[in-house]
Each structure stands twice: as structure tokens, then as C-alpha cells.
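K.L.:
need a structure here:
(one chain, ligands or ions: 1)
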Amino acid sequence: MNKEYEVIIIGGGPAGLSAGLYTSRARLNSLLIEKGLVGGQITDAELVENYPGFAEGISGLELGQLMHQQATKYGLKTLLAEATGIELKGEQKVVRTTKGNFTGKAVIIANGSERRKLGIPGEEKLTGRGVSYCATCDAPFFQEKPVAVVGGGDAAITEALHLAKFASRVIVIHRRNQLRASRILQEKASSEPKIEFLLDSIVDEIEGEDVVKKIKLRQVTTGKESTLDVAGVFIAVGLKPNTDYLKGVLTLDAAGYITTNDRMETEIPGIFAAGDIRQNSARQAITAAGDGATAAIYAKKFIAE
Ligand SMILES: Cc1cc2nc3c(=O)[nH]c(=O)nc-3n(C[C@H](O)[C@H](O)[C@H](O)COP(=O)(O)OP(=O)(O)OC[C@H]3O[C@@H](n4cnc5c(N)ncnc54)[C@H](O)[C@@H]3O)c2cc1C
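P.N.:
Next comes the predicted model:
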């Protein structure tokens, strides 16, 4: 595989794929590096109803595949590998990966974020055995069984709505007294008879020998403890930017996000960032795609100058 490119894009979600579409259509020799499933987080969304152009909605997996097809059609190359570091060599940027080093004149960092863990006893041991971070992937295993969803944002309610198609009961557990999810999602969840809400509550432990059997709960206002029998625990408590490999290369904010200007430029000329990995990103497929297009346009200008 060629080792030298004009643009290297790290991450194949909506931001990286849009960046790749724009750089490839601009006839810049471009490489996209993706460590998992091309399409990014949106592939976990069963139905995407807010991506313009799809009036009836589209499955996240299909949306990701279409974005990849479209960018590939214009010449974008894809390498399935993990980026592990970036080094500066004069004006060149060397991207280290699990499949060797690649050099680019410009780099667009678009490798998003991943789900946060609760960090409680039982979580790690029972992951894949009742503990899950993806309802789209695992909901069918919980046919007619009770499950808990931990979290109160859009992701948690989306997970709960999906689980309600399979599980016997879906109990949404949120540590605050109000959900953070958008009103439309809250309305949908409230009108779904299988979904119940336990607010002001924290999960302290997940119990089970081989598979999840129950969870230990604590009411935050009264401190009262209780247990709940469930077969599954779906955790949706937010995201962590995938920037550990960039420590020492770029300045990250306190939460680990990358700051850019409105051209998606970072503090290093020729290194751009786009999508959920950016500080204050709206964390939507459409905004990530917009960031990717902007980064690509300014990467092209950077290379030309
Ligand atoms: C369940 C769910 C439902 C959602 N529903 C919607 C919705 O209906 N509408 C909407 O607009 N948004 C939705 N979102 C949010 C949307 O998916 C994200 O905002 C969007 O995918 C962010 O795009 P991104 O390209 O910035 O990052 P990501 O989609 O996170 O893509 C980043 C990619 O980088 C890869 N990667 C990570 N680290 C590395 C590395 N070191 N080397 C190489 N590759 C790496 C990852 O594998 C991933 O494929 C949903 C998200 C989830 C989880």
C-alpha cells in the first residue's frame, strides 16, 4: 500500500467519510484510516430520522455504507487499522498505525468518541453477559426479559425505545430528577407502555455469576438502597473522546476534546479536527458531516498554499 498521501483522515464515521468525499472529489490523494466498522457510531442507530434527504428515515448502518461508497467512488482509499500516534517531520505529518506509518501533507482527525463506562463492580466481568453498550447490537438477546437502561440523554432513550420491541420491561435509571433527552424522544418513551422511569437513582453494582441477575440501586435523595431483578443492563451515560493517542501532540481540553477554529484548524498548521471529537460539537451525524466537509475544504487550501 502506498505510504504517502496528500490527506490522511483518521476515523471513518460521518465526519471522516464526508472529509474523504470532499478531498477525493478535489482530486487529493486521500487515505482514510478506520479501526472498526466504517460508518462510525451512526451504524448503531436503527433508524436515523434527522439526516436531511431521507424523508422516511434510513438505518444508520445503511447511511454509513452509502457515505463510504460515495467517497470510495471518487478515489478515497481505506485502511483498516488503528491510528496510534502522529509525529511531525518538517512539513510532513507521519501517522503511526497498527499497520505501519503513513505520511500526509494534511491530517484530518475525525475519530469520534466512545461510550463511557460506569466503573462499578460487576460491569467489566459481565460485559457481553448481560451488560451492553449497544441495544441495536444486543436487544434481540433479551426477548421477553426485563432490562435496565442507565442514562437520561438521547442515547439512553433511543436505546430504551429499541429495547421495548424485545424486552418484557425496560426500566430507565437516571441519576437526576429530569431526563436530558430531547422532548420528542421523551414523548415517544412516555407513550411506550413497556418503559418505566426510575429517576434520582444510581446503580451501585451489577450482580450475577455467569450472567446478569440483578442490580443494586441507591436513591440519591434518601440514600435508600434496593435491588432490581434484570437480565440485561444497557449503559448509555455519555461519551469519551478517542484522543488518548494525541496527548503530547495537541492541547486537549479538560474532557479530552480537541479545540479548533471555525475552519476546523487545530493549533498545528495542516492538522484539522472534525466531528464529535471537537470541543462543543453538537454530536450529530449531520454536524459531524458538516465539520468533515469544512476540514477538507481548508485542508485543500492549506496544501495549495
Ligand atoms: C445509538 C446511537 C444513535 C444515534 N442516533 C443518531 C441520530 O439519529 N441522528 C444523528 O444525527 N446522530 C445520531 N447519533 C450520533 C452520531 O452517530 C454521531 O454524532 C456521529 O456518528 C459522529 O460522527 P464522527 O464521524 O465525528 O465520529 P464517529 O461516528 O464516532 O466515528 C469515528 C470513527 O473513528 C474510528 N476510530 C476511533 N479511534 C480510532 C483510531 N485510533 N484509529 C482509527 N479509527 C478510529 C471509530 O471506530 C469510528 O468508526 C447516534 C449515536 C448513537 C451511539
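K.L.:
which stretches in the stretch 101-250 of the chain count as helices?
P.N.:
Listed in chain order, the helices of the stretch 101-250 of the chain (DSSP state H, counting those that start in this stretch) span residues 135-138, 154-163, 183-190.
K.L.:
tell me how far the second one lies from the chain's centre.
P.N.:
Read that as helix 154-163. Helix 154-163 sits 15 Å away from the centroid of its parent chain (C-alpha atoms, centre = their mean, to the nearest Å).
K.L.:
also the last one?
P.N.:
The chain centroid and the centroid of helix 183-190 are separated by 22 Å, computed with C-alpha atoms, centre = their mean.
K.L.:
what does it contact?
P.N.:
Defining contact as C-beta atoms under 8 Å, 6 or more residues apart in numbering, one finds that helix 183-190 is touched by 154, 157, 158, 160, 161, 172, 179, 181, 195. All C-beta atoms are positioned from the backbone trio N, CA, C, and that covers glycine.
K.L.:
confidence score at residue 155?
P.N.:
Predicted confidence (pLDDT) for residue 155: 89.
K.L.:
where in the stretch 101-250 of the chain is pLDDT low?
P.N.:
By pLDDT under 70, the stretch 101-250 of the chain contains no weakly predicted segment.
K.L.:
spell out which residues of it are next to the ligand.
P.N.:
Residues of the stretch 101-250 of the chain lying close to the ligand by C-beta under 6 Å from any ligand atom are 110, 111, 112, 113, 155, 158, 242, 245.
K.L.:
residue in the stretch 201-305 of the chain with the shortest distance to the ligand?
P.N.:
Residue of the stretch 201-305 of the chain nearest the ligand, by C-beta to the nearest ligand atom: residue 275 (2.2 Å).
K.L.:
my guess is that residue contacts residue 12. True?
P.N.:
No - taking C-beta atoms under 8 Å as the definition, residue 275 is not a contact partner of residue 12, at 10.9 Å.
K.L.:
what about the two, which has more around it?
P.N.:
residue 275 (36 against 30; other C-beta atoms under 10 Å).
K.L.:
chain neighbours aside, what residue packs nearest to the more buried one?
P.N.:
Using C-beta to C-beta, 6 or more residues apart in numbering and skipping residues adjacent in sequence, the residue nearest residue 275 is residue 15, 2.8 Å away.
K.L.:
and the average pLDDT for the helix or strand encompassing that neighbour is what?
P.N.:
Per DSSP states H and E, residue 15 falls inside helix 14-25. In this model, helix 14-25 has a mean pLDDT of 98.
K.L.:
and that helix, how far out from the chain middle?
P.N.:
Once both centres are worked out by C-alpha atoms, centre = their mean, helix 14-25 turns out to sit 18 Å from its chain's centre.
K.L.:
for that helix, packing partners?
P.N.:
For helix 14-25, the contact count by 3 or more C-beta pairs under 8 Å, 6 or more residues apart in numbering; DSSP states H and E identifies strand 4-10, strand 30-34, helix 60-73, strand 100-109, helix 285-304 as packing neighbours.
K.L.:
in a markdown table: these, plus mean neighbour count.
P.N.:
Compiled in a markdown table, those are given as follows (neighbours: other C-beta atoms under 10 Å):
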| stretch | mean neighbour count |
| --- | --- |
| strand 4-10 | 25 |
| strand 30-34 | 26 |
| helix 60-73 | 19 |
| strand 100-109 | 23 |
| helix 285-304 | 22 |
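K.L.:
how about the residue of the stretch 201-305 of the chain closest to the ligand, what does it touch?
P.N.:
Each residue near residue 275 by C-beta under 8 Å, 6+ apart is listed here: 11, 13, 14, 15, 16, 110, 112, 281, 287, 288, 291, 292.
K.L.:
ok, it to residue 234 distance?
P.N.:
24 Å (C-beta to C-beta, to the nearest Å).
K.L.:
quick one, strands of the stretch 151-300 of the chain?
P.N.:
In chain order, the stretch 151-300 of the chain shows strands spanning 169-173, 195-198, 201-207, 214-219, 225-229, 232-235, 239-241, 271-273, with DSSP state E, counting those that start in this stretch as the criterion.
K.L.:
which of these sits most buried?
P.N.:
Among those, judged by mean count of other C-beta atoms under 10 Å, the one packed with the most neighbours on average is strand 271-273 (a mean of 29).
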